[in-house]
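>>> following is a predicted model, sequence given first.
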Amino acid sequence: MMKKDIFKKVLKYLCPVLTTLFGILFIVLFIPSSKKVYNERFFVDIDPTTINKVKVVEIVDKFTDKTYFGDEATFYIYRCIVKKSEELEKGSEILVVQSITELEENKYISAKVGNTIYVSHATKWSVTGGYDVNWEFIGSSFAFDRVGVTFILMIVFVLVIITFSKLQGIYTIVALGLSIASIFIVFIPKVLLGHNIYVWTFIISTYIVIITLLLVIGVNYKALSAFIGCFGGIFVIAILTIVIQKVFALTGNYDETTYELDLLVKDTYSVTLDLRSLIFASITLGSIGALLDVAISLSSSLYEVSSKETNIKKIIKSGFTIGKDMLGTMTNTLILAYLGSSLPIVLFTILFSNFEAILRLEMITIELIQSIVGTLGMLSAIPIVSVFCGFIYNKNFKIE
């Protein structure tokens, strides 16, 4: 008995270490190919002297005047200190101009003292007030430096999880980090280089599921049950997505972003991107979190149930009962998440079309399919986990 307890204790701490090493090794193997992809990006040759990072230390002036094109606009003159630049000395001061017309008020925002912004050479500015300004700030969504604040938010997120969950929180963060790294270092380069998206979606999905289960749960029947459930859910999602693509005549080229993406990949990597397979990838990767949640929660719940009830049929019945409650909340989570992400598109479409026309739009159809197929994938995981747990958690098979 003592040997068994020692083995379990060693396995409890050794499993996360070995899983982490395996996860890192898997990603490291693909770093050379990912470097090739990221080094050959379409915009890699942008002139670095056209963008400079500065900090606003004073709003010198604000006035109304006409732009070079004759539109009336509000002009802002900022005094800034250079933080990073290929052509300006760090710490030097420059004047920066920004103009916002009435039509641009909801598109651009003005800078505040303390903001770190990106500026470029001013072109054709006619500024009154005697200012000699050679630098321009647009104020668009990519003109503000949000990297520092984003890192602070991420650190707070990590600290909260670790504080609340202690060692388990560390395992959770490691699993999340490896999952994200696998997408950016392995999956995205493979997609851009023209590899089979269906195959690599399955590989990355399996990797994420295995890494998460081994780190969060460990090596036991709960993890095995959850893995079988997730695998079954992914399989159902794959079948449904392929069938629906044909039935709904989906192309994957549904907006300006996907159209430009296709052109950029062709120009940069000489690869024809399979946009239809990206639908499958987005649905599968977007549903993994919910699938893991359902599978892990149900497997753990049935494990506790099995401590008092060892009858196979009753364990399976309990699984279906628990699964029904879980499915209701997780369905809302998936559908509202997809609806929330596409809300601006829905609002824009409603202004110009009737409800029938909205449903004909491929963009809206894909959002609906993602929600419905993801939910059906979760639904399929419930009976799979319940039946599997019913057999392995009964008194004849149960192992602590």
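Alright, I've got the coordinates.

>>> what's the longest strand in this protein?
Residue-count comparison of every strand in the chain, with assignments taken from DSSP state E, identifies strand 52-66 as the longest.

>>> now do the strands in the stretch 301-400 of the chain.
Listed from the start of the chain, the stretch 301-400 of the chain has no strands (DSSP state E, counting those that start in this stretch) to report.

>>> nope, the chain is what I was after
52-66, 72-84, 93-101, 116-121, 135-136.

>>> just to revisit the earlier point, pull the CA atoms of the longest strand of the chain into PDB?
Extracted C-alpha coordinates of strand 52-66, given in PDB (Å, rounded to 0.1, in the frame of the first residue of the first chain):
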ATOM      1  CA  ASN A  52       8.100  56.600 -34.800                       C
ATOM      2  CA  LYS A  53       7.100  55.900 -31.200                       C
ATOM      3  CA  VAL A  54       6.600  59.100 -29.100                       C
ATOM      4  CA  LYS A  55       5.100  60.100 -25.700                       C
ATOM      5  CA  VAL A  56       2.700  63.100 -25.500                       C
ATOM      6  CA  VAL A  57       3.900  65.500 -22.800                       C
ATOM      7  CA  GLU A  58       1.800  68.500 -23.600                       C
ATOM      8  CA  ILE A  59      -1.200  69.600 -25.700                       C
ATOM      9  CA  VAL A  60       0.100  72.800 -27.100                       C
ATOM     10  CA  ASP A  61      -3.000  74.000 -28.900                       C
ATOM     11  CA  LYS A  62      -6.400  73.100 -30.100                       C
ATOM     12  CA  PHE A  63      -8.200  75.000 -32.800                       C
ATOM     13  CA  THR A  64     -10.600  74.800 -35.800                       C
ATOM     14  CA  ASP A  65      -9.400  75.300 -39.300                       C
ATOM     15  CA  LYS A  66      -9.700  73.800 -42.800                       C
END
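
>>> number the chain from 856, please
Right, with 856 as the first residue, what we last looked at is strand 907-921.

>>> would you mind listing the buried residues in that strand?
The neighbour-count criterion (16 or more other Cβ atoms under 10 Å) identifies Asn907, Lys908, Val909, Lys910, Val911, Val915, Asp916 as the buried residues of strand 907-921. (Each C-beta comes from the backbone N, C-alpha and C, glycine too.)

>>> can you redo those as a markdown table with pLDDT?
Compiled in a markdown table, the buried residues of strand 907-921 are given as follows (pLDDT from 0 to 100):
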| residue | pLDDT |
| --- | --- |
| Asn907 | 86 |
| Lys908 | 90 |
| Val909 | 92 |
| Lys910 | 93 |
| Val911 | 93 |
| Val915 | 91 |
| Asp916 | 89 |
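
>>> okay, these in a markdown table with distance to Val937 next?
Putting the buried residues of strand 907-921 into a markdown table (distance: Cβ to Cβ, whole Å) gives the following:
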| residue | distance to Val937 |
| --- | --- |
| Asn907 | 7 |
| Lys908 | 8 |
| Val909 | 5 |
| Lys910 | 8 |
| Val911 | 12 |
| Val915 | 16 |
| Asp916 | 20 |
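
>>> circling back to that earlier point, could I get the strands of the chain as TSV with distance to Phe1246?
Shown next, in TSV, are the strands of the chain (distance: least, Cβ to Cβ, whole Å):
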stretch	distance to Phe1246
strand 907-921	60
strand 927-939	61
strand 948-956	66
strand 971-976	59
strand 990-991	68
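
>>> among those strands, which is nearest Asp1122?
Of all the strands of the chain, the one in closest proximity to Asp1122, counting by Cβ to Cβ, is strand 971-976 (23.8 Å).

>>> list the buried residues of the closest one.
Applying a neighbour-count criterion of 16+ other Cβ under 10 Å, the buried positions in strand 971-976 are Thr971, Ile972, Tyr973, Val974, Ser975.

>>> ok, of the residues you listed, which one's closest to Ser1132?
Using Cβ to Cβ, the buried residues of strand 971-976 come closest to Ser1132 at Tyr973, 35.3 Å.

>>> so that closest one is in contact with Lys910, correct?
No - counting by Cβ atoms under 8 Å, Tyr973 sits too far from Lys910 to count as a contact (11.0 Å).

>>> out of the strands of the chain, flag the one nearest Phe1057.
When the strands of the chain are ranked by distance to Phe1057, counting by Cβ to Cβ, first place goes to strand 971-976 at 39.7 Å.

>>> tell me what the closest one is packed against?
strand 907-921, strand 927-939, strand 948-956, strand 990-991 (3 or more Cβ pairs under 8 Å, 6 or more residues apart in numbering; DSSP states H and E).

>>> please save the CA atoms from stretch 1020-1036 in PDB.
Coordinates of the C-alpha atoms in stretch 1020-1036 are reproduced here as PDB (Å, rounded to 0.1, in the frame of the first residue of the first chain):
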ATOM      1  CA  SER A1020      -6.000  28.000  -7.600                       C
ATOM      2  CA  LYS A1021      -2.400  27.800  -6.300                       C
ATOM      3  CA  LEU A1022      -0.500  25.000  -8.000                       C
ATOM      4  CA  GLN A1023      -3.500  24.000 -10.200                       C
ATOM      5  CA  GLY A1024      -3.500  27.600 -11.400                       C
ATOM      6  CA  ILE A1025       0.100  27.300 -12.500                       C
ATOM      7  CA  TYR A1026      -0.800  24.200 -14.500                       C
ATOM      8  CA  THR A1027      -3.700  26.000 -16.000                       C
ATOM      9  CA  ILE A1028      -1.600  28.900 -17.200                       C
ATOM     10  CA  VAL A1029       1.100  26.600 -18.600                       C
ATOM     11  CA  ALA A1030      -1.600  24.700 -20.500                       C
ATOM     12  CA  LEU A1031      -3.100  27.900 -21.900                       C
ATOM     13  CA  GLY A1032       0.400  29.200 -22.900                       C
ATOM     14  CA  LEU A1033       1.300  26.000 -24.700                       C
ATOM     15  CA  SER A1034      -2.100  26.000 -26.500                       C
ATOM     16  CA  ILE A1035      -1.700  29.600 -27.700                       C
ATOM     17  CA  ALA A1036       1.900  28.900 -28.700                       C
END
